[in-house]
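Peer 1: any chance you could fold what I've pasted below:
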Amino acid sequence: MRKSLLLCSAAVLLGNLTPAQVQLELVVNGLNAPVDVAHAGDDRLFVVERPGRIRIVDAEGQLLSQPFLDLTDRVLAEAGEQGLLGLAFHPQYPTNGRFYVYYTAGTGNGTLRLSRFNVTSDPNVASNSETILWSLDKPFQNHNGGDLEFGPDGYLYFAPGDGGGAGDPGNQAQNMGLAFGKVLRIDVNGPAYTIPASNPFVGVSGVLPEIWASGLRNPWRFGFDRQTGDLWIGDVGQGEREEVDRWPAGDNSGPNFGWRCYEGNLPYETSGCQPQSSYVSPVIDHPQSDGWCSVIGGRVYRGSLYPSLQGKYIYSDFCHGRVHALQPNGSSWTPQTLISTGSQGVTSIGEDVNGELYFCNMSQGALYHLTDASTVVRVSPKVWLGGAYVSASGDMRDALRTQGLVPATEPYTALGLPQMAQGGGEQVSTTVLNVSNANAVVDWVRVELRSTADPSVIVATSQGLLQRDGDVVAADGSSPLTFHVGPGNYHVLLRHRNHLACMTQAVSLSPTATTIDLRSTATAVWGTNARWSFNGQQLLWPGDIDRNGIVAYTGAENDRDLILQAIGGSIPTNTVQGYLATDVTLDGVVKYAGSDNDRDVILQAIGGTVATNTVEEQAP
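Peer 2: Numbers count the residues shown, from 1 in each chain. Predicted coordinates:
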């Protein structure tokens with residue numbers, strides 16, 4: 001039998017496991033044939049589009065309109081496996097600004113090209129000045145590989161396929177004088193690349209010194225376990241099997257994974273081959289009869305949001321789109337199916353800076369986030385809104401509800417605020433809206449969980465109902481808010497559509513509801529002057545009508561003028577009714593003058609006498 005690092009036997013037994021409630025949550029769509037996703041050590045995601053562009057998804061989950069890099073003038077993308085295929089950022093990218101791309105150039109069968117680029121002074125725009133480091137002419141259009149990865153050793157790994165053509169007609173994957181069908185390992189820290197001294201075949205006559213591993217057919221996607229440094233490879237099969245390979249960190253002995261002698265664990269063309277035990281057998285190989293056609297190598301999950309996925313190798317297939325996992329089980333791995341139905345077109349599985357996993361789907365032009373709906377934390381916030389608070393009664397008015405103005409669906413998605421971890425689209429029933437007294441609905445509010453590593457990063461969102469007594473509950477009118485992330489420390493941010501948001505210092509959250517009382521001075525919040533102290537109460541600052549994070553009464557972009565514009569712009573005594581951002585007092589009527597007008601509460605909040613004062617939101 002073939003040498004195996006991972007399995008006790010060639011047959012892997014399916015465990016009696018209950019898969020996590022794993023889901024693929026849409027991040028963005030409108031992409032043009034996305035084939036790879038990477039991060040640059042910050043909160044952005046960089047998505048590679050096969051025709052030749054790299055797009056940025058920012059920390060807010062928004063797809064920027066301007067490409068980070070546009071190489072459509074030099075990328076050959078006529079055949080299905082050609083195009084801009086891979087991207088990797090240098091480990092010192094924050095200081096040297098270097099990144100690397102892998103693509104097909106030229107005409108016809110094309111030329112594989114590995115090139116270096118640099119970012120400009122604008123972090124969202126790269127220079128299109130190119131340094132070509134490596135190239136290789138192709139005998140066929142297919143089997144180009146595509147991935148680029150920096151290993152834990154700091155070297156750059158890439159893997160041209162076997163050159164193409166059915167069955168590797170030239171047996172190139174076993175020819176050690178050729179780059180085809182290999183994993184290549186180079187040092188790119190200088191002007192040109194050099195060969196690491198620890199490469200296994202340095203000084204061996206007739207062998208390319210760049211070669212680190214051999215015997216691969218089309219290793220389209222591979223990746224390193226960020227915790228252990230182990231290398232995982234998804235090697236696309238010929239006509240029978242799709243295989244997943246693994247090689248341990250620090251072992252530079254030059255593994256041979258067996259193609260074309262073997263396809264997975266099956267003999268393919270063994271003439272002139274070594275005994276089967278001489279080659280590294282796959283961790284697992286899947287029959288194409290089960291819907292597999294092109295395995296998409298993935299990643300070992302090392303994020304923090306979904307503990308049930310921790311340590312599992314996550315992968316998929318271009319044709320069936322199901323999500324599979326290999327779970328550590330002593331010295332072996334137990335396979336699981338996490339999502340049993342999928343869509344064709346999965347091309348890549350990548351990580352963000354925190355180790356969370358993202359899927360590209362070329363057919364859908366979309367990027368998805370892998371989530372686990374069974375992992376939750378719960379929060380019971382409490383808050384006063386400065387615009388709706390009534391000192392005489394010590395609670396808030398529910399005039400929007402009594403006038404039938406509270407929308408059935410939360411308004412924050414329509415305002416363009418990003419939704420994370422299955423938040424968004426919450427709906428309230430008429431029964432809940434008919435409740436009066438202390439539990440009467442005042443309005444929708446939005447609650448965000450922010451990363452403690454980077455408080456500007458939104459990890460999860462949920463929209464809830466604010467009640468007259470200050471409680472924030474789920475859309476059912478009574479339950480705490482639920483977030484589909486794992487237990488841990490988060491910043492909790494609460495915002496309203498025309499008030500400044502307020503964010504806590506880090507708090508520990510769990511499946512048992514945690515009370516976050518922003519009305520209390522005992523609740524530590526982010527920044528200074530983050531809440532309005534009014535008549536002994538802590539309230540959210542009212543009047544951020546344009547949602548720019550500043551409450552202003554005069555000057556450019558002030559909020560007062562928006563109220564006047566809303567009522568017509570010329571007659572101060574006019575009023576207008578509706579569910580409007582200019583209704584700061586939340587009484588259902590926009591007023592510029594008269595009692596309970598929306599202008600005076602802004603002036604009162606900024607100090608009451610100095611109209612030029614402003615208040616700025618403290619949340620990052």
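Peer 1: going forward, measure contacts between C-alpha atoms and count neighbours the same way
Peer 2: OK.
Peer 1: I'd like to know how many residues surround residue 121.
Peer 2: By the criterion of other C-alpha atoms under 10 Å, residue 121 has 10 neighbours.
Peer 1: so it, which state does it fall into?
Peer 2: Judged by DSSP: H, G, I helix; E, B strand; the rest coil, the three-state class of residue 121 is coil.
Peer 1: who are the contact partners of it?
Peer 2: Applying C-alpha atoms under 8 Å, 6 or more residues apart in numbering, we find residue 121 in contact with no residue.
Peer 1: against residue 70, how distant is it?
Peer 2: Residue 121 is 17 Å from residue 70, where distance means C-alpha to C-alpha, to the nearest Å.
Peer 1: before we move on, what about residue 425?
Peer 2: Distance, residue 425 to residue 70, using C-alpha to C-alpha: 35 Å.
Peer 1: of these two, who's got more company?
Peer 2: The neighbour comparison of residue 425 against residue 70 (other C-alpha under 10 Å) goes to residue 70, with 19 against 15.
Peer 1: that one against residue 128, yeah?
Peer 2: Yes - at 7.4 Å, residue 70 counts as touching residue 128 under the criterion of C-alpha atoms under 8 Å.
Peer 1: now do the helices in the stretch 51-200 of the chain.
Peer 2: 93-96 (DSSP state H, counting those that start in this stretch).
Peer 1: the strands in it, which residues?
Peer 2: Residue ranges of the strands in the stretch 51-200 of the chain, as given by DSSP state E, counting those that start in this stretch, are 53-57, 69-70, 84-89, 98-105, 111-118, 131-137, 148-150, 156-158, 183-186.
Peer 1: how about residue 220: what's its closest non-neighbour residue?
Peer 2: Closest residue in space to residue 220, ignoring its immediate chain neighbours: residue 145 at 4.5 Å, by C-alpha to C-alpha, 6 or more residues apart in numbering.
Peer 1: neighbours of the one you found, how many?
Peer 2: Neighbour tally, residue 145, other C-alpha under 10 Å: 33.
Peer 1: let me see the contact set for it.
Peer 2: By C-alpha under 8 Å, 6+ apart, the contact list for residue 145 reads 159, 160, 161, 218, 219, 220, 221.
Peer 1: what sits against residue 148?
Peer 2: Contacts of residue 148 were listed using C-alpha under 8 Å, 6+ apart, and they are 86, 87, 88, 100, 101, 102, 156, 157, 158, 159.
Peer 1: domain-wise, how is this structure divided?
Peer 2: 22-372, 376-620 (automatic domain parsing).
Peer 1: centre of the chain to the longest one, how far?
Peer 2: Right, the one you point to is domain 22-372. 18 Å (C-alpha atoms, centre = their mean, to the nearest Å).
Peer 1: so for stretch 311-329, what's the average pLDDT?
Peer 2: On average, the pLDDT along stretch 311-329 is 97.
Peer 1: mean confidence score for the helix or strand containing residue 600?
Peer 2: Here residue 600, judged by DSSP states H and E, is contained in helix 598-605. The predicted model assigns helix 598-605 a mean pLDDT of 95.
Peer 1: flag every buried residue along that helix.
Peer 2: For helix 598-605, the neighbour count (16 or more other C-alpha atoms under 10 Å) marks 598, 599, 600, 601, 602, 603, 605 as buried.
Peer 1: show me what that helix packs onto, helices and strands only.
Peer 2: Applying 3 or more C-alpha pairs under 8 Å, 6 or more residues apart in numbering; DSSP states H and E, one finds that helix 598-605 contacts helix 560-566, strand 589-591.
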